[in-house]
Each structure stands twice: as C-alpha cells, then as structure tokens.
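A.B. asks: Sequence and predicted structure are below.
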Amino acid sequence: MDKKLEKKLDEFSGQGNIPKHIAIIMDGNGRWAKGRGLPRAAGHKAGVSTVREMVESCARLGVKFLTLYTFSTENWKRPKDEVSTLMRLMVKSLQSETDDLHSNNIQLNTIGNNNMLPDLVRKEIEEAVNKTKNNDKMVLNLALSYSGRWELIEAFKNISKQYAEGKITLENIDEELVSNNLTTAGMPDPDLMIRSGGEYRVSNFLLWQIAYSEIYVTDVLWPEFKTDNLLDAISSFQKRERRFGLVSEQISNKSKDREDAEKLADNLVDN
C-alpha cells in the first residue's frame, strides 16, 4: 500500500464511527469479464486483487472483522470448469497470501461446509488458519461453501441435540443460544453489509446475523471496487441512524443518558 493511500485511510479513520464488522457480497466478476470479451475465470482472477486491497484497507481503518462471501453452496451448481478454476484460484491465493496475512497480524477464519471442499483446499485452509490463529489485529472470514439456510439448519440440529441430551430446556432457547450455535459464534453481527454489482438481494448470506445490519449496494463490479468505494460505503453508514427497532427520540434519550453517566463518572474521578 502506497503512503498516500495509507495517509488517506488514517485520516478517514479519525473522522467518524468505523464499523467493527463489515460483510461483503463480492458480485460482478463474471459480468466484468464478459464486458471485456474474457472468460469468467479472468473476472475471478481480477477480483483477487480487490480482495487484497479490501483486507489491507479494512485492517488499516481499524475494522475488526471482515467477512467475504467467497463461494456459496449454490455456486457448486455452476459449470464444472468454472468451479474447478475457483478452487485452483483459492489454493493459489491461500499459498501466496497467508504469509502476508500473518505478517500483518491478521487472523484467517472460514465459515461454511468445509466437507464439500476438495482435499487440497481443506489442507491449505487448515494450514493458513493454524498459522494465523493467534493474530489479533483483524479477523478475515472467508465464507466458503456457505449459505445462511444451511447454517441455520446446522444450528437447529445442534440445539435439538443439546435438548435431547438434557443439556438445555425449551426455556433456554433464545437469540443468544442460536447465535452461539452459528459459524460466527463469538463474533459481533455485521454493522455494515456491502454488495457490489448492483443487485438488491442478500443471496442467502448471513441471514440471521444481518437482521440489523446497514446495507450498501453499489453498481461497481467487484474487480473495479477500490478503497474509495469502500470509504463511500462507510461514509454512508456513518450518516445513518441505527435505531434497532426504537424511534429517533429513544435513541437521543439513550445518548443523553450515556453522556450524563459519563459526566457523572468524570466528576467522581475528579473529586
């Protein structure tokens, strides 16, 4: 990353609330390639450089969790040659990027049905996850062979098993229990979900977790999505009032109560 971009990111990070968790649906690789008369594989390869830039930029901004929708369960239905290309590209990317992730103190994690992945991909994932497991600057989640419905079904199976074994009662089943049985257990829900490529749908991505996420859609295709586009999305997020089911007046009152409590605490410390 060049010094000019680093400075821009550092200045931006001090101007407002940076989302703790950003989730991205990386859409438009195929359309980008088609528009240039290239095979779809060329679009996926071009998209890798965008992934690298987003990881670097988010880490620089202070984002703590970045979840990328890398390969959905539905993507297995694509032509075999495209799937094979994506799997080879995944192996190559893991081999070439893991050292950089580690040196930048970024932890790699995957969510999804890894059992469906080829052995070589699983092996590379395991090695990368183990190498970076103690890093704590940012967590990079790759959603691989993932779908939100699959995740919820697996969570319900786990909860049903716990109930059958007498470990929980019906009264124990609440939002926290469901969240703790998802692949994202222990992580905050996304504050901001970005979708490139202009489509207005969530495509079976983090269905439980994005209940109150702010959503930002851009027509920019993924291979052309740059740091300036990321900053536009975050700027949009910063201008929104996150009410979580409340009304504006309640949010204002809560903010005032928090300010009053902070002033009281400061006075107690001073005295």
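C.D. replies: Looks like it came in fine. Numbers count the residues shown, from 1 in each chain.
A.B. asks: Just the residues contacting stretch 30-46, thanks.
C.D. replies: Outside stretch 30-46, the residues that touch it by C-beta atoms under 8 Å, 6 or more residues apart in numbering are 28-29, 47, 82, 85-86, 89, 197, 221-224. (Each C-beta comes from the backbone N, C-alpha and C, glycine too.)
A.B. asks: what sits against the nearest residue to residue 50 once chain neighbours are set aside?
C.D. replies: Distances taken as C-beta to C-beta, 6 or more residues apart in numbering put residue 225 closest to residue 50, at 5.3 Å, once the chain neighbours are dropped. Contact partners of residue 225, counting by C-beta under 8 Å, 6+ apart, are 26, 50, 54, 196, 218.
A.B. asks: Does the last one touch residue 199 like I think?
C.D. replies: Think residue 218. No. Contact between residue 218 and residue 199 fails when scored by C-beta atoms under 8 Å: they sit 10.5 Å apart.
A.B. asks: Looking at the two, which one has more neighbours?
C.D. replies: Here residue 218 and residue 199 are set side by side on neighbour count (other C-beta atoms under 10 Å), and the busier one is residue 218, at 20 against 13.
A.B. asks: Give me the distance between that one and residue 138.
C.D. replies: Separation of residue 218 from residue 138 (C-beta to C-beta, to the nearest Å) stands at 22 Å.
A.B. asks: Next: residue 236.
C.D. replies: Look at residue 236 and residue 138: by C-beta to C-beta, they are 21 Å apart.
A.B. asks: Who has more neighbours out of these two?
C.D. replies: Neighbour totals were compared for residue 236 and residue 138, and residue 138 leads with 20 against 15 (other C-beta under 10 Å).
A.B. asks: Which of the contacts of residue 225 has the largest number of neighbours?
C.D. replies: Comparing the contacts of residue 225 on neighbour count, residue 196 comes out first with 26 neighbours (neighbours: other C-beta under 10 Å).
A.B. asks: Compute the distance between residue 36 and residue 224, please.
C.D. replies: When residue 36 is compared with residue 224 (using C-beta to C-beta), they lie 11 Å apart.
A.B. asks: Show me which of these two is the more surrounded one.
C.D. replies: Just comparing residue 36 and residue 224: by other C-beta under 10 Å the higher neighbour count belongs to residue 224, 16 against 11.
A.B. asks: Give me the pLDDT value at the more buried one.
C.D. replies: Here the pLDDT value assigned to residue 224 is 98.
A.B. asks: Spatially nearest residue to it, not counting backbone neighbours?
C.D. replies: Setting aside the residues directly before and after it, residue 224 is nearest to residue 32 in space (C-beta to C-beta, 6+ apart), at 6.8 Å.
A.B. asks: what do you get for residue 173?
C.D. replies: The shortest distance from residue 173 to any residue other than its chain neighbours is 6.4 Å, reached at residue 159 (C-beta to C-beta, 6+ apart).
A.B. asks: just residue 19 next, same as before
C.D. replies: Take residue 19 and drop its neighbours on the chain: the residue closest to it by C-beta to C-beta, 6+ apart is residue 191, 3.8 Å away.
A.B. asks: count of neighbours near the one you found?
C.D. replies: Using other C-beta under 10 Å, residue 191 has 21 neighbouring residues.
A.B. asks: which residues in the stretch 101-250 of the chain form helices?
C.D. replies: Here the stretch 101-250 of the chain has its helices, by DSSP state H, counting those that start in this stretch, at 119-132, 148-164, 175-180, 227-238, 248-270.
A.B. asks: For the helix or strand the residue nearest to residue 224 falls within, C-alpha coordinates in PDB please.
C.D. replies: Applying DSSP states H and E as the criterion places residue 32 in helix 29-34. Provided in PDB are the C-alpha atoms of helix 29-34 (Å, rounded to 0.1, in the frame of the first residue of the first chain):
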ATOM      1  CA  ASN A  29     -16.700 -10.900 -11.600                       C
ATOM      2  CA  GLY A  30     -18.400 -12.700 -14.400                       C
ATOM      3  CA  ARG A  31     -20.100  -9.500 -15.800                       C
ATOM      4  CA  TRP A  32     -16.700  -7.700 -15.600                       C
ATOM      5  CA  ALA A  33     -15.100 -10.400 -17.700                       C
ATOM      6  CA  LYS A  34     -18.000 -10.700 -20.200                       C
END
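A.B. asks: list the buried ones in that helix?
C.D. replies: Of the residues in helix 29-34, those with enough neighbours to count as buried (16 or more other C-beta atoms under 10 Å) are 29-33.
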